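# just coords:
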């Protein structure tokens, strides 16, 4: 004890002054632990920063408990240890883990950037006049590029899972909409082999899970099924196990799996046919990653040995995943309030997924305020869409009235069919307006925005302002901010093939200069994230906050990034971007993303 304190052995012990050897922030922690031990019999085990008599900063571990007689604490006992070496090793491990994460991020960017050029240029080439032989070569390049990208994604995911860096973002999912998106993604692959894809009728359940990771598991299993199936088809069945768990089953009519190979399933870097003559390639990570993801989603995964007509894999997921995460489980159903004339609001109503939202139409401001006051404690009222032309009061007046009452602070409010100047929108944003929606907003667009608003990693105050624009596609003007010459040329060509006018900036600073001196508004900005001179996130923050870019304050900004790690999307949204596309991009994905905002 003397040596740890760096005091002469046998020097007087000053118990009252002992706590002052701990750093100020550690003292109340230790004092509270001692008090709990004396009053409640709770032992302590603490790691705390400490300063010796010779002013050396070290770490100590203090373990202790109170000894009782006749229900009275009479003595404190414990041990005291210098753990500086352990803490230093721990810090080095944390730094190494941080360095590994940064390396993965940089590797992702460096590899994806040239792959974007390969896949993008090849896609553009296939849209030109090619001979039959040239087209077959181009298609081979496309398949190879996509295989390479898939391999990179597998390695990155495996590294993140191994390092414990992969986090989930649970949200409420419409099972019907979700499975339709899986069918759309898989259809081209089954069509290429003339297989059938059959998704059985789905149960009417509310599913709270991570849609990105659930999609990854299903696609892994379906792609494997297609890989080993030449004739017949793939069937996906989703059923309720009980009131909390869903079971997904993927069956195929392929070659099946030999019984002596079943034990090798789900083992990393293992292919069932590892010979040099095998027909199907891959990293051997797909099933391993799927197994880990299923575990994170609260379920189990397995293979049916009894299935004799091909192969059958199954997995379960917890439908209430957010109970085990920091995000609270949503109540039975969320409420959206539409305030305005019945005829115009009836047009907006079908845009919301009925399995997720209860939509209430209220015709005037007074009834809206009364409804909110009566139901705020009973219903999960999450969104309000207010028509600008309310009878007797404007939508802006109602917005201000709602925001004046603190009990409604957590509700997201949009104006519907309002035509306001940018300065008015800026002022309204300061009092809590989230965005403006017009009558042409499609379901995909609105649900896209609602999904962003419900992202548990984003503070609502950091959300970008959402706007939708009524314009003809022929008039669409886009600013492309991209430093890589090849990717720049590919994205510009893709945009021009979509009949959009494109202006190009080579970095964030050049983009700001173009915006500052442009009298004509851009309808969207495509912003690369990692650029020299000024990066995309910093450029976006300036566009959103500085007065010289007032004309473009509410222009949708879509991130283009080769990074694909945890938290990247959150960084983009916090900077003020509306959405996020991971490279390599293709024209279809680019078109769909732009259609959400234009």
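Arrived safely. What you see is a predicted model; the values in this text were computed from it and never measured.
# name the strands paired with the biggest strand by length in the chain and say parallel or antiparallel.
Scanning the chain for the longest strand, with DSSP state E as the assignment, gives strand 57-69. With DSSP bridges as the test, strand 57-69 is paired with strand 44-51 (antiparallel), strand 72-82 (antiparallel).
# residues making contact with the longest one?
Translated: strand 72-82. Applying C-beta atoms under 8 Å, 6 or more residues apart in numbering, the contact partners of strand 72-82 are 1, 4, 34, 37-39, 41, 44, 58-68. From N, CA and C alone the C-beta is placed, and that goes for glycine too.
# tell me the angle the very next helix or strand once past it makes with strand 57-69.
For strand 72-82, the succeeding helix or strand toward the C-terminus, using DSSP states H and E, is helix 84-126. Interaxial angle, helix 84-126 versus strand 57-69 (axes from the mean of the first three to the mean of the last three C-alpha atoms, to 10 degrees): 120 degrees.
# and helix 84-126, what does it pack against?
Secondary-structure packing of helix 84-126 (3 or more C-beta pairs under 8 Å, 6 or more residues apart in numbering; DSSP states H and E): strand 57-69, helix 132-162, helix 485-497.
# so where is the stretch 51-200 of the chain shaky, pLDDT-wise?
Filtered on pLDDT under 70, the stretch 51-200 of the chain yields the residue ranges 101-102, 104-106, 108-109, 159-160, 162-165.
# what lies in contact with the helix or strand harbouring residue 478?
In the assignment (DSSP H and E), residue 478 maps to strand 477-481. Under the criterion C-beta under 8 Å, 6+ apart, residues 488, 491-492, 495, 500-508, 510-511, 514-515, 520-528, 531, 536, 539, 594 lie in contact with strand 477-481.
# how about a cut-off of 7 Å?
For strand 477-481, the surrounding residues in contact (C-beta atoms under 7 Å, 6 or more residues apart in numbering) are 488, 491-492, 495, 500-505, 508, 511, 514, 520, 522-528, 536.
# in strands only, show me the residues you listed.
Per DSSP E, the subset of those in strands is 501-505, 524-528.
# returning to what we had before: quick one: buried residues of the longest strand of the chain?
Across strand 57-69, burial judged by 16 or more other C-beta atoms under 10 Å covers 58-62, 64-66.
# what does stretch 502-515 give?
502-512, 514-515.
# hang on, the earlier thing: between the ones in strands among the contacts of strand 477-481, which is closest to residue 418?
Distance to residue 418 across these (C-beta to C-beta) is lowest for residue 524, with 20.5 Å.
# surely the closest one and residue 558 touch.
Yes. Contact status for residue 524 versus residue 558: in contact at 6.4 Å, counting by C-beta atoms under 7 Å.
# which one's more surrounded, these two?
residue 524 (23 against 20; other C-beta atoms under 10 Å).
# residue contacts, that one?
Residue 524 touches 478, 555-556, 558, 594, 597-598, counting by C-beta under 7 Å, 6+ apart.
# which pair of these spans the longest distance?
Farthest-apart pair in these is 555 and 594; separation 12.4 Å (C-beta to C-beta).
# wait, residue 403 sits on residue 433?
No. If you go by C-beta under 7 Å, residue 403 and residue 433 don't touch, sitting 8.4 Å apart.
# the residue nearest to residue 257 when sequence neighbours are not counted bridge partners, please.
Closest residue to residue 257 apart from its sequence neighbours, by C-beta to C-beta, 6 or more residues apart in numbering: residue 311 at 5.5 Å. Residue 311 has these beta-bridge partners by DSSP bridges: residue 252.
# swap in the one 5 residues further on?
In this structure, residue 316 has the following beta-bridge partners (DSSP bridges): residue 247.
# how about the buried residues of stretch 502-515, which pair is most distant?
Taking C-beta to C-beta, no two of the buried residues of stretch 502-515 sit farther apart than 502 and 509, at 19.0 Å.
# residues touching the closest residue in space to residue 57 that isn't next to it in sequence, list them.
Spatially, and ignoring its direct neighbours in sequence, residue 57 is nearest to residue 51 (5.7 Å; C-beta to C-beta, 6+ apart). The neighbourhood of residue 51, defined by C-beta under 7 Å, 6+ apart, consists of 21, 23, 57.
# I figured residue 543 was touching residue 554, is that so?
No. Applying C-beta under 7 Å as the test, residue 543 and residue 554 come out as separate, 9.8 Å apart.
# okay, strands next: where are they in the stretch 351-500 of the chain?
357-362, 380-387, 412-416, 433-437, 466-467, 477-481 (DSSP state E, counting those that start in this stretch).
# the ones you listed: lowest mean pLDDT?
Mean pLDDT is lowest for strand 466-467 among the strands of the stretch 351-500 of the chain, at a mean of 74.
# please report the distance of residue 124 from residue 140.
As defined by C-beta to C-beta, to the nearest Å, residue 124 lies at a distance of 16 Å from residue 140.
# higher neighbour count, the two?
Per other C-beta under 10 Å, whichever of residue 124 and residue 140 has more neighbours is residue 124, with 17 against 11.
# gap between that one and residue 143?
Counting by C-beta to C-beta - residue 124 and residue 143 are separated by 17 Å.
# can you check residue 582 too?
Residue 582 is 20 Å from residue 143, by C-beta to C-beta.
# when those two are compared, which one has more neighbours?
Counted by other C-beta under 10 Å, residue 582 and residue 143 do not tie: residue 582 has more neighbours, with 18 against 11.
# wait, the more buried one touches residue 561, no?
Yes. Contact criterion C-beta under 7 Å: residue 582 and residue 561 qualify, at 6.2 Å.
# make CSV out of the contacts of residue 51 and add distance to residue 350.
Shown next, in CSV, are the contacts of residue 51 (distance: C-beta to C-beta, whole Å):
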residue, distance to residue 350
21, 68
23, 61
57, 64
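# relative to residue 408, which of those residues is nearest.
Nearest to residue 408 out of the contacts of residue 51 is residue 23 (C-beta to C-beta; 43.4 Å).
# quick check: phi and psi on residue 2?
For residue 2, the backbone dihedrals are phi -60, psi -40 (criterion: degrees, to the nearest 10).
# run a quick neighbour tally on it.
Neighbours around residue 2, by other C-beta under 10 Å: 12.
# how close does it sit to residue 585?
66 Å.
# next: residue 351.
For residue 351, the distance to residue 585 - C-beta to C-beta - is 27 Å.
# kindly report the same for residue 302.
Distance of residue 302 to residue 585, given as C-beta to C-beta: 36 Å.
# try residue 107
For residue 107 relative to residue 585 (C-beta to C-beta), the value is 19 Å.
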